[in-house]
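In: my questions concern the predicted model and sequence given below.
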Amino acid sequence: MASPVLQTVPLGFQWQTIDPFLFCVHHLDHYPAGTAEHGPAASLEGRTLGQDFEGRDGWRMYHGQVVPGFPAHPHRGFETISYVRQGLIDHADSLGAAARYGRGDVQWMTAGSGIVHSEMFPLLDRDGPNTLEMFQIWINLPAADKMVDAHFSMLWDRDIPRHVVTDDDGRVVEVTVIAGSLGAAEPPAPPPASWASRTEADVSIWHIVMDAGTTWTLPPAASAETVRTLYSFEGSGLSIGGEAIAASTGAVVDATGDVELSASGRVEILVLQGRPLGEPVAQYGPFVMSTRAEIQQAFDDYQRTRFGGWPWDRDDPVHGGDGQRFARRADGSVERALVA
């Protein structure tokens with residue numbers, strides 16, 4: 001019987017993705033104790049501040065100077081999906097909206113016609129450590145929807161369903177269902193203009209944790225055109241359809257039938273699947289459009305309008321030290337992450 005594994009690729013810092021996905025990075029930073037300014041209580045000497053991706057001592061400042069993270073930067077033409085498993089993210093944007101999320105939450109942001117936002121990683125524990133683990137995923141917008149109004153949705157941890165299977169020996173497979181239903185697990189809806197909001201797109205984002213010794217069958221996708229990639233990013237001992245998969249490996253699999261996953265050791269897998277848009281992609285830095293002319297227009301528009309300006313007193317705002325997760329919209333309305 002033919003293997004369902006169509007292709008494998010080793011995982012680096014940035015993972016290879018397939019249409020409609022554009023980008024995926026798994027951040028795992030073991031930050032030390034935090035300062036009063038919510039930066040690391042450690043020397044920054046020897047780091048290339050503003051461009052620190054080396055991972056010295058197990059953590060990075062990225063583009064941050066005081067607080068780790070990504071100060072104000074623009075986007076147009078696609079969506080960002082930030083799934084935070086550990087730690088907190090402080091969001092601020094050119095619409096005047098703000099959010100603090102993490103500890104299992106997901107922010108799904110439609111950049112659309114243009115937005116400037118910052119994503120900072122405040123280190124709130126003064127005694128440390130302050131581990132941050134998150135996935136940053138970019139998914140393309142259809143050409144017809146690239147100039148919709150910018151928008152973000154919060155998928156709070158308590159609202160994201162889990163599909164849990166326990167075998168007779170008490171071993172567990174748990175699937176966090178961020179997008180795309182699985183069994184009875186139906187996640188919150190993506191933003192309205194998202195490719196993922198269309199049933200025919202067959203977009204799913206699942207995080208699978210398999211105990212050692214478990215077996216679980218991945219069901220077929222809804223469309224014969226769906227492309228499904230499994231990223232085995234933590235642990236080892238995964239087999240897909242009987243084929244052993246090395247640790248830290250991405251595997252494109254046949255999505256048209258059942259695929260048996262088995263784990264001799266504890267493993268974690270991120271699944272990205274979707275029916276490709278099949279449209280031209282022109283990308284330059286933070287802009288993803290359909291033509292080079294549209295990319296040039298994006299630069300011109302950003303230089304002219306700054307996508308609404310920046311209503312904050314710094315490029316890297318953080319939202320205090322109390323740890324409460326919230327989202328404040330541009331209209332002033334506030335939602336909070338209630339703890340179950």
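Out: Done, it's in.
In: so residue 275 sits against residue 228, correct?
Out: No: using CB atoms under 8 Å, residue 275 makes no contact with residue 228, being 10.4 Å away. In short, each C-beta sits where N, CA and C put it, glycine included.
In: neighbour count for these two, which is higher?
Out: Between residue 275 and residue 228, residue 228 has the larger neighbour count (other CB atoms under 10 Å), namely 24 against 21.
In: what pLDDT, on average, does the helix or strand that contains that one get?
Out: Using DSSP states H and E, residue 228 falls within strand 227-235. For strand 227-235, mean pLDDT rounds to 98.
In: ok, stretch 1-17 next?
Out: So the average pLDDT for stretch 1-17 ends up being 95.
In: in the stretch 201-340 of the chain, where is pLDDT below threshold?
Out: 339-340 (pLDDT under 70).
In: all strands for it, in order.
Out: Using DSSP state E, counting those that start in this stretch, the strands of the stretch 201-340 of the chain run over 204-210, 214-218, 227-235, 238-240, 243-245, 249-253, 259-263, 267-274, 282-284, 287-289, 326-328, 334-336.
In: need the contact partners of the last one.
Out: For strand 334-336, the surrounding residues in contact (CB atoms under 8 Å, 6 or more residues apart in numbering) are 154, 324, 325, 326, 327, 328.
In: measure the nearest residue to the first one once chain neighbours are set aside to residue 147 for me?
Out: What it means is residue 154. Closest residue to residue 154 apart from its sequence neighbours, by CB to CB, 6 or more residues apart in numbering: residue 327 at 4.7 Å. Distance, residue 327 to residue 147, by CB to CB, to the nearest Å: 24 Å.
In: returning to that earlier point: in JSON lines: the strands of the stretch 201-340 of the chain, plus distance to residue 30.
Out: Shown next, in JSON lines, are the strands of the stretch 201-340 of the chain (distance: least, CB to CB, whole Å):
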{"stretch": "strand 204-210", "distance to residue 30": "20"}
{"stretch": "strand 214-218", "distance to residue 30": "28"}
{"stretch": "strand 227-235", "distance to residue 30": "14"}
{"stretch": "strand 238-240", "distance to residue 30": "24"}
{"stretch": "strand 243-245", "distance to residue 30": "26"}
{"stretch": "strand 249-253", "distance to residue 30": "23"}
{"stretch": "strand 259-263", "distance to residue 30": "25"}
{"stretch": "strand 267-274", "distance to residue 30": "17"}
{"stretch": "strand 282-284", "distance to residue 30": "31"}
{"stretch": "strand 287-289", "distance to residue 30": "32"}
{"stretch": "strand 326-328", "distance to residue 30": "26"}
{"stretch": "strand 334-336", "distance to residue 30": "28"}
